[in-house]
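# starting from these lines, generate the structure:
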Amino acid sequence: MALSSAARPALVATPRVATSSPFSTSQSRGYHEKVIDHYENPRNVGSFLKSDKNIGIGLVGAPACGDVMKLSIKVGESGIIEDVRFKTFGCGSAIASSSLATEKLKGLTLEEAGRINNTEIAKELSLPPVKLHCSMLAEDAIKAAIRDYEARWKSSGKKGAGHIDVSQSVGSGETKATAHVPGSA
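Model prediction:
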């Protein structure tokens, strides 16, 4: 869970250092200013009622580091994500990845949301390679929230404009979201 700024240790920014990393603005030490901003001023912290049928909850964790991320989406009747909330227990990069993900998701369709990947989040936050698992958790939480929303929608008996299948390849780890819209070929 994101802690209040008074209860969290301060993060220190370091100057940008040129590296051979694909993330040209990543640093060899410390955190990028975008990570610090999302850590010290996390956006959209909280959750929705589990009983609400128009939400989806993705709860994921990384056993290796102990980070746990809960991402909740609220989807409107038109299939657009209207609101997003998160709670994360983890390092500054995990909290920043969650916070950034909530900003990216608002206003997207489920199909568009399903296409957000960890490299997009990692690049925007300039995460160093050792922290890429945080952006992977955010991607996994997004996919899990979409799957949960779809399961809740289906079990509610509501008839919608269509649905999205989200699947992940065991071999390659690639995640794919496919929209099924009535009347389309």
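# which element is residue 95 on?
When secondary structure is defined by DSSP states H and E, residue 95 falls within helix 92-105.
# now do that helix: which elements does it pack against?
Using 3 or more CB pairs under 8 Å, 6 or more residues apart in numbering; DSSP states H and E as the contact test, the elements touching helix 92-105 are helix 33-40, strand 67-75, strand 81-89, helix 118-125, helix 132-156. All C-beta atoms are positioned from the backbone trio N, CA, C, and that covers glycine.
# got the contact list for that helix?
Under the contact criterion CB atoms under 8 Å, 6 or more residues apart in numbering, helix 92-105 has outside partners 2, 11, 31, 34-39, 42-45, 67, 69, 71, 73, 81, 84-86, 88, 113, 116, 120-122, 124-125, 127, 131, 134-135, 137-139, 141-142.
# hmm, back to that, of the helices and strands packed on helix 92-105, which stretch is the most buried?
With neighbours defined as mean count of other CB atoms under 10 Å, those peak in mean count at strand 67-75, which reaches a mean of 23.
# tell me which strands that strand pairs with, and in which orientation.
Partners of strand 67-75 in the sheet, by DSSP bridges, are strand 55-62 (antiparallel), strand 81-89 (antiparallel).
# quick one, phi psi at the residue found closest to residue 179 once you drop the neighbours it is linked to in the chain?
Taking CB to CB, 6 or more residues apart in numbering, and ignoring the residues beside it in sequence, residue 179 has residue 111 as its nearest neighbour in space, at 4.4 Å. Backbone dihedrals for residue 111, given as degrees, to the nearest 10, come out at phi -60, psi -50.
# from residue 49, how far out is residue 111?
Separation of residue 111 from residue 49 (CB to CB, to the nearest Å): 25 Å.
# who has more neighbours, those two?
Relative neighbour count places residue 111 above the other of residue 111 and residue 49, with 17 against 7, counting by other CB atoms under 10 Å.
# now the residue positioned nearest the centre of the chain: how far from residue 145?
When the chain is reduced to its mean C-alpha position, the closest residue under CA atoms, centre = their mean turns out to be residue 138, at 3.3 Å. As for residue 138, its distance to residue 145 is 11 Å (criterion: CB to CB).
# overlap in contacts of those two?
When contacts are counted by CB under 8 Å, 6+ apart, residue 138 and residue 145 are jointly contacted by residue 71.
# quick one on the thing from earlier: now do the helix holding residue 95 against helix 33-40, angle only.
Using axes from the mean of the first three to the mean of the last three CA atoms, to 10 degrees, the interaxial angle of helix 92-105 with respect to helix 33-40 works out to 90 degrees.
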